[in-house]
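Novice: Next come a sequence and a model predicted from it.
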Amino acid sequence: MRAYFSRRYRFSASHRLHTSAFSENENRSVYGKCNNPHGHGHNYVLEVTVGGPVSPETGMVCDLVDLDTCVRKEIVDRFDHMNLNLDPLFQDRVPTTENLCIEAYQIISAAFDKAEVVRVRVEETSNNSFEYPVPRSLR
Amino acid sequence: MILLTRKAEFSASHYYWNEAWSAEENERVFGKCANKNGHGHNYTLEVTVAGDVDAASGFVVDLKQLKDVMEREVIGVYDHRHLNKEVPEFAEAIPTTENIAIAVWKRLDGKIPGAKLHRVRVYEMPDLFADYYGEP
(Lines give C-alpha, C1' and ligand atoms only; values in the text may rest on other atoms or scores of the structure.)
Protein backbone atom coordinates (compact mmCIF):
# COMPACT_ATOMS: atom_id res chain seq x y z
CA MET A 1 0.00 0.00 0.00
CA ARG A 2 1.50 3.28 -1.10
CA ALA A 3 0.87 6.23 1.20
CA TYR A 4 2.24 9.73 1.54
CA PHE A 5 3.60 11.26 4.68
CA SER A 6 4.08 14.99 5.25
CA ARG A 7 5.88 16.97 7.88
CA ARG A 8 6.13 20.72 8.46
CA TYR A 9 9.25 22.63 9.48
CA ARG A 10 9.85 26.29 10.19
CA PHE A 11 12.69 28.68 9.60
CA SER A 12 13.03 32.43 9.59
CA ALA A 13 15.20 34.17 7.04
CA SER A 14 15.66 37.46 5.26
CA HIS A 15 15.84 38.17 1.56
CA ARG A 16 15.73 40.94 -0.99
CA LEU A 17 14.31 40.46 -4.46
CA HIS A 18 16.71 42.18 -6.83
CA THR A 19 18.43 41.21 -10.07
CA SER A 20 21.38 42.78 -11.81
CA ALA A 21 19.59 42.00 -15.10
CA PHE A 22 17.22 44.92 -14.44
CA SER A 23 17.82 48.63 -13.92
CA GLU A 24 17.08 50.14 -10.51
CA ASN A 25 13.75 51.37 -11.81
CA GLU A 26 12.82 48.01 -13.31
CA ASN A 27 13.72 46.22 -10.07
CA ARG A 28 11.55 48.68 -8.19
CA SER A 29 8.68 48.24 -10.59
CA VAL A 30 8.83 44.42 -10.75
CA TYR A 31 9.55 43.61 -7.11
CA GLY A 32 7.91 46.59 -5.34
CA LYS A 33 8.55 46.66 -1.59
CA CYS A 34 10.37 43.32 -1.84
CA ASN A 35 13.14 45.33 -3.52
CA ASN A 36 13.72 47.64 -0.52
CA PRO A 37 17.51 47.92 -0.23
CA HIS A 38 18.05 46.37 3.19
CA GLY A 39 15.83 43.33 2.68
CA HIS A 40 13.07 41.98 4.89
CA GLY A 41 12.24 38.64 6.48
CA HIS A 42 9.65 35.90 6.70
CA ASN A 43 8.75 33.02 8.96
CA TYR A 44 8.84 30.31 6.31
CA VAL A 45 7.00 27.02 6.65
CA LEU A 46 8.48 24.11 4.71
CA GLU A 47 6.19 21.12 4.12
CA VAL A 48 7.93 17.99 2.87
CA THR A 49 5.91 15.05 1.48
CA VAL A 50 7.46 11.62 1.02
CA GLY A 51 5.77 8.62 -0.55
CA GLY A 52 6.30 4.89 -0.57
CA PRO A 53 4.95 1.54 0.51
CA VAL A 54 3.87 1.29 4.14
CA SER A 55 6.20 -1.20 5.81
CA PRO A 56 4.24 -4.16 7.19
CA GLU A 57 6.72 -4.32 10.08
CA THR A 58 6.66 -0.71 11.25
CA GLY A 59 3.42 0.62 9.72
CA MET A 60 5.42 3.57 8.43
CA VAL A 61 6.46 4.99 5.05
CA CYS A 62 9.72 6.03 6.70
CA ASP A 63 10.92 6.93 10.16
CA LEU A 64 10.00 10.56 10.74
CA VAL A 65 13.14 10.96 12.87
CA ASP A 66 15.24 10.20 9.76
CA LEU A 67 13.27 12.78 7.75
CA ASP A 68 13.56 15.35 10.57
CA THR A 69 17.30 14.78 10.84
CA CYS A 70 17.78 15.21 7.09
CA VAL A 71 15.57 18.29 6.67
CA ARG A 72 16.96 20.00 9.76
CA LYS A 73 20.54 19.41 8.65
CA GLU A 74 20.07 20.26 4.97
CA ILE A 75 17.53 23.08 5.13
CA VAL A 76 16.66 24.42 8.57
CA ASP A 77 20.23 24.67 9.87
CA ARG A 78 21.37 26.14 6.58
CA PHE A 79 18.71 28.84 6.16
CA ASP A 80 17.33 29.60 9.63
CA HIS A 81 18.22 33.12 10.76
CA MET A 82 20.25 33.67 7.62
CA ASN A 83 20.15 36.08 4.71
CA LEU A 84 19.11 34.01 1.68
CA ASN A 85 20.80 36.40 -0.76
CA LEU A 86 24.19 35.51 0.77
CA ASP A 87 23.75 31.74 0.30
CA PRO A 88 25.78 30.38 -2.64
CA LEU A 89 22.55 29.06 -4.19
CA PHE A 90 21.34 32.59 -4.71
CA GLN A 91 24.44 34.21 -6.08
CA ASP A 92 23.03 34.10 -9.61
CA ARG A 93 19.36 33.63 -8.83
CA VAL A 94 16.80 35.79 -7.09
CA PRO A 95 15.74 34.22 -3.76
CA THR A 96 12.05 34.26 -4.56
CA THR A 97 10.09 31.59 -2.77
CA GLU A 98 9.59 29.85 -6.13
CA ASN A 99 13.38 29.45 -6.43
CA LEU A 100 13.73 28.55 -2.76
CA CYS A 101 11.08 25.84 -3.11
CA ILE A 102 12.76 24.31 -6.19
CA GLU A 103 16.18 24.38 -4.50
CA ALA A 104 14.79 22.86 -1.30
CA TYR A 105 13.23 20.03 -3.33
CA GLN A 106 16.53 19.37 -5.16
CA ILE A 107 18.52 19.36 -1.92
CA ILE A 108 16.14 17.14 0.06
CA SER A 109 15.51 14.67 -2.76
CA ALA A 110 19.28 14.28 -3.27
CA ALA A 111 19.99 13.87 0.46
CA PHE A 112 17.10 11.67 1.61
CA ASP A 113 17.19 8.01 0.60
CA LYS A 114 14.65 6.37 2.92
CA ALA A 115 11.58 7.23 0.78
CA GLU A 116 10.76 9.13 -2.39
CA VAL A 117 10.48 12.88 -1.88
CA VAL A 118 7.37 13.67 -3.90
CA ARG A 119 6.71 17.29 -3.07
CA VAL A 120 8.05 20.33 -1.28
CA ARG A 121 5.71 23.17 -0.37
CA VAL A 122 6.95 26.45 1.06
CA GLU A 123 4.67 28.99 2.73
CA GLU A 124 6.23 32.44 2.65
CA THR A 125 3.32 33.97 4.56
CA SER A 126 0.01 32.48 5.60
CA ASN A 127 -1.44 33.87 2.36
CA ASN A 128 1.02 32.54 -0.20
CA SER A 129 2.69 29.23 -0.80
CA PHE A 130 4.66 27.47 -3.54
CA GLU A 131 4.86 23.81 -4.50
CA TYR A 132 7.37 21.80 -6.51
CA PRO A 133 7.05 19.55 -8.42
CA VAL A 134 3.50 20.03 -9.67
CA PRO A 135 1.34 16.97 -8.93
CA ARG A 136 0.63 14.82 -11.99
CA SER A 137 -3.12 15.36 -11.73
CA LEU A 138 -2.73 19.13 -12.23
CA ARG A 139 -0.42 19.02 -15.27
CA MET B 1 -15.08 16.49 -12.09
CA ILE B 2 -14.63 18.36 -8.85
CA LEU B 3 -13.11 17.49 -5.48
CA LEU B 4 -14.88 18.14 -2.21
CA THR B 5 -13.35 17.76 1.25
CA ARG B 6 -15.01 17.33 4.59
CA LYS B 7 -13.17 17.50 7.93
CA ALA B 8 -13.91 15.78 11.19
CA GLU B 9 -12.01 15.37 14.44
CA PHE B 10 -11.50 12.53 16.83
CA SER B 11 -9.39 12.04 19.93
CA ALA B 12 -7.82 8.69 20.61
CA SER B 13 -4.92 6.97 22.31
CA HIS B 14 -2.40 4.55 20.84
CA TYR B 15 1.13 3.18 21.05
CA TYR B 16 3.50 1.60 18.53
CA TRP B 17 4.62 -1.96 19.16
CA ASN B 18 5.58 -4.86 16.92
CA GLU B 19 5.08 -8.15 18.80
CA ALA B 20 7.62 -9.84 16.52
CA TRP B 21 10.40 -7.67 17.97
CA SER B 22 12.13 -7.53 21.33
CA ALA B 23 11.32 -4.68 23.75
CA GLU B 24 14.73 -3.12 22.97
CA GLU B 25 14.04 -3.23 19.23
CA ASN B 26 10.60 -1.65 19.67
CA GLU B 27 12.05 1.11 21.82
CA ARG B 28 14.88 1.72 19.37
CA VAL B 29 12.56 2.00 16.33
CA PHE B 30 9.53 3.68 17.88
CA GLY B 31 11.11 5.75 20.67
CA LYS B 32 8.62 7.29 23.07
CA CYS B 33 5.73 6.05 20.89
CA ALA B 34 6.55 2.54 22.15
CA ASN B 35 5.48 3.35 25.73
CA LYS B 36 2.88 0.61 26.30
CA ASN B 37 0.80 2.82 28.59
CA GLY B 38 -0.13 4.66 25.40
CA HIS B 39 -0.51 8.35 24.66
CA GLY B 40 -3.11 10.38 22.78
CA HIS B 41 -3.74 12.86 20.00
CA ASN B 42 -6.46 15.09 18.67
CA TYR B 43 -6.66 13.75 15.15
CA THR B 44 -8.11 15.65 12.21
CA LEU B 45 -9.55 13.60 9.38
CA GLU B 46 -10.04 15.09 5.91
CA VAL B 47 -12.06 13.04 3.47
CA THR B 48 -11.94 14.16 -0.18
CA VAL B 49 -14.45 12.83 -2.68
CA ALA B 50 -14.50 13.26 -6.45
CA GLY B 51 -17.54 13.52 -8.65
CA ASP B 52 -19.55 15.60 -11.06
CA VAL B 53 -21.74 18.45 -9.95
CA ASP B 54 -25.38 17.42 -10.12
CA ALA B 55 -27.20 19.83 -12.45
CA ALA B 56 -30.29 19.94 -10.28
CA SER B 57 -28.87 20.12 -6.75
CA GLY B 58 -25.48 21.75 -7.54
CA PHE B 59 -23.92 19.15 -5.20
CA VAL B 60 -21.18 16.58 -5.81
CA VAL B 61 -22.42 14.75 -2.79
CA ASP B 62 -24.97 15.46 -0.10
CA LEU B 63 -22.77 16.82 2.71
CA LYS B 64 -25.13 15.58 5.35
CA GLN B 65 -24.89 12.04 3.96
CA LEU B 66 -21.08 12.30 3.80
CA LYS B 67 -20.97 13.54 7.39
CA ASP B 68 -23.25 10.70 8.52
CA VAL B 69 -21.11 8.05 6.79
CA MET B 70 -17.90 9.50 8.33
CA GLU B 71 -19.56 9.63 11.73
CA ARG B 72 -20.92 6.08 11.53
CA GLU B 73 -17.91 4.36 9.97
CA VAL B 74 -14.99 6.23 11.54
CA ILE B 75 -15.63 8.86 14.21
CA GLY B 76 -18.10 6.74 16.15
CA VAL B 77 -15.59 3.88 16.17
CA TYR B 78 -12.34 5.80 16.84
CA ASP B 79 -13.34 8.77 19.01
CA HIS B 80 -12.32 8.53 22.66
CA ARG B 81 -11.03 4.99 22.13
CA HIS B 82 -7.70 3.26 22.52
CA LEU B 83 -6.91 2.36 18.91
CA ASN B 84 -4.69 -0.66 19.72
CA LYS B 85 -7.11 -2.19 22.20
CA GLU B 86 -10.56 -1.20 20.96
CA VAL B 87 -10.46 -0.90 17.16
CA PRO B 88 -10.32 -4.28 15.39
CA GLU B 89 -8.01 -3.33 12.47
CA PHE B 90 -5.28 -2.26 14.90
CA ALA B 91 -5.13 -5.60 16.67
CA GLU B 92 -2.72 -6.52 13.84
CA ALA B 93 -1.66 -3.30 12.10
CA ILE B 94 0.29 -0.73 14.14
CA PRO B 95 -1.88 2.42 14.42
CA THR B 96 0.60 4.76 12.76
CA THR B 97 -0.80 7.79 10.95
CA GLU B 98 -0.17 5.99 7.64
CA ASN B 99 -2.08 2.88 8.74
CA ILE B 100 -4.93 4.99 10.14
CA ALA B 101 -5.28 6.70 6.72
CA ILE B 102 -5.39 3.28 5.00
CA ALA B 103 -7.88 1.91 7.55
CA VAL B 104 -10.17 4.93 7.15
CA TRP B 105 -10.04 4.45 3.36
CA LYS B 106 -11.13 0.81 3.75
CA ARG B 107 -13.96 1.84 6.08
CA LEU B 108 -15.28 4.51 3.69
CA ASP B 109 -14.58 3.17 0.20
CA GLY B 110 -17.78 2.38 -1.67
CA LYS B 111 -20.02 3.76 1.09
CA ILE B 112 -20.34 7.37 -0.06
CA PRO B 113 -23.50 7.80 -2.13
CA GLY B 114 -22.92 9.37 -5.54
CA ALA B 115 -19.18 10.09 -5.29
CA LYS B 116 -15.85 8.32 -5.46
CA LEU B 117 -13.41 8.46 -2.59
CA HIS B 118 -10.33 10.42 -3.77
CA ARG B 119 -8.11 10.96 -0.74
CA VAL B 120 -8.00 10.31 2.98
CA ARG B 121 -5.76 12.64 4.96
CA VAL B 122 -5.14 12.10 8.66
CA TYR B 123 -3.43 14.73 10.79
CA GLU B 124 -1.93 13.37 13.99
CA MET B 125 -0.94 16.93 14.84
CA PRO B 126 -0.84 20.10 12.74
CA ASP B 127 2.72 19.43 11.57
CA LEU B 128 2.36 15.77 10.65
CA PHE B 129 -0.11 14.06 8.34
CA ALA B 130 -0.50 11.05 6.06
CA ASP B 131 -2.33 10.82 2.72
CA TYR B 132 -3.74 7.67 1.13
CA TYR B 133 -5.22 7.57 -2.38
CA GLY B 134 -6.19 3.90 -2.46
CA GLU B 135 -3.00 2.95 -4.28
CA PRO B 136 -1.95 -0.68 -3.95
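Specialist: In hand now; what should we look at?
Novice: From here on, just use CA atoms for contacts and neighbour counts.
Specialist: Fine.
Novice: Could you pull up the residues touching the residue lying closest to A:Arg28 once chain neighbours are set aside?
Specialist: With Cα to Cα, 6 or more residues apart in numbering or on different chains as the measure, A:Asn35 is the residue that lies nearest to A:Arg28, at 6.0 Å, once sequence neighbours are left out. Residues counted as contacts of A:Asn35 (Cα atoms under 8 Å, 6 or more residues apart in numbering or on different chains) are A:16-18, A:27-28.
Novice: does the residue most central in space within chain A sit in a helix, a strand or a coil?
Specialist: Centroid-nearest residue in chain A: A:Cys101, 3.5 Å away (criterion: Cα atoms, centre = their mean). Three states are possible here, and by DSSP: H, G, I helix; E, B strand; the rest coil the one that applies to A:Cys101 is helix.
Novice: Just list the residues touching it, thanks.
Specialist: Counting by Cα under 8 Å, 6+ apart, the residues that A:Cys101 touches are A:120-122, A:130-132.
Novice: what's the answer for B:Phe129, then?
Specialist: Contacts were defined as Cα under 8 Å, 6+ apart; by that measure B:Phe129 touches A:5-7, B:97, B:121-123.
Novice: In stretch A:65-77, which residues are buried?
Specialist: For stretch A:65-77, burial by neighbour count (16 or more other Cα atoms under 10 Å in any protein chain shown) applies to A:67-68, A:70-72, A:74-76.
Novice: Now do the residue of chain B positioned farthest from its centre against chain A, distance only.
Specialist: Here the centre of chain B is the reference, and by Cα atoms, centre = their mean the most remote residue is B:Ala56, at 32.0 Å. With distances taken as Cα to the nearest Cα, to the nearest Å, B:Ala56 is found 28 Å from chain A.
Novice: likewise B:Lys7?
Specialist: Using Cα to the nearest Cα, one gets 18 Å for the distance from B:Lys7 to chain A.
Novice: doesn't B:Val60 make contact with B:Leu4?
Specialist: Yes. With contact taken as Cα atoms under 8 Å, B:Leu4 and B:Val60 are classed as touching, separated by 7.4 Å.
Novice: just to revisit the earlier point, name the member of the contacts of A:Asn35 that has the highest neighbour count.
Specialist: For those, neighbours were counted using other Cα atoms under 10 Å in any protein chain shown, and A:His18 has the most, 25 neighbours in all.
Novice: pLDDT value on residue 122, please?
Specialist: Answering for chain A, as no chain was given. A:Val122 is assigned 96 on the pLDDT scale.
Novice: Please refer instead to chain B.
Specialist: At B:Val122, pLDDT is 98.
Novice: Repeat that for B:Asp54.
Specialist: In the predicted model, B:Asp54 carries a pLDDT score of 86.
Novice: what packs against the helix or strand A:Thr69 falls within?
Specialist: Counting by DSSP states H and E, the element that carries A:Thr69 is helix A:64-71. Here helix A:64-71 touches helix A:97-111, going by 3 or more Cα pairs under 8 Å, 6 or more residues apart in numbering or on different chains; DSSP states H and E.
Novice: buried ones in the helix it packs on?
Specialist: For helix A:97-111, burial by neighbour count (16+ other Cα under 10 Å) applies to A:97-105, A:108-109.
Novice: Just give me the longest helix of chain B.
Specialist: helix B:97-108 (DSSP state H).
Novice: buried ones in it?
Specialist: Along helix B:97-108, the positions that meet the burial threshold by neighbour count (16+ other Cα under 10 Å) are B:97-105, B:108.
Novice: quick one, helices of the chain?
Specialist: Let's take chain A. Remark: helices assigned in chain A by DSSP H are A:24-31, A:64-71, A:77-79, A:97-111.
Novice: nope, chain B
Specialist: Secondary structure of chain B, counting by DSSP H: helices at B:23-30, B:63-70, B:76-78, B:83-86, B:97-108.
Novice: Nearest to A:Val45 among the ones you listed would be which one?
Specialist: Closest approach to A:Val45 among those (Cα to Cα): helix B:97-108, 21.2 Å.
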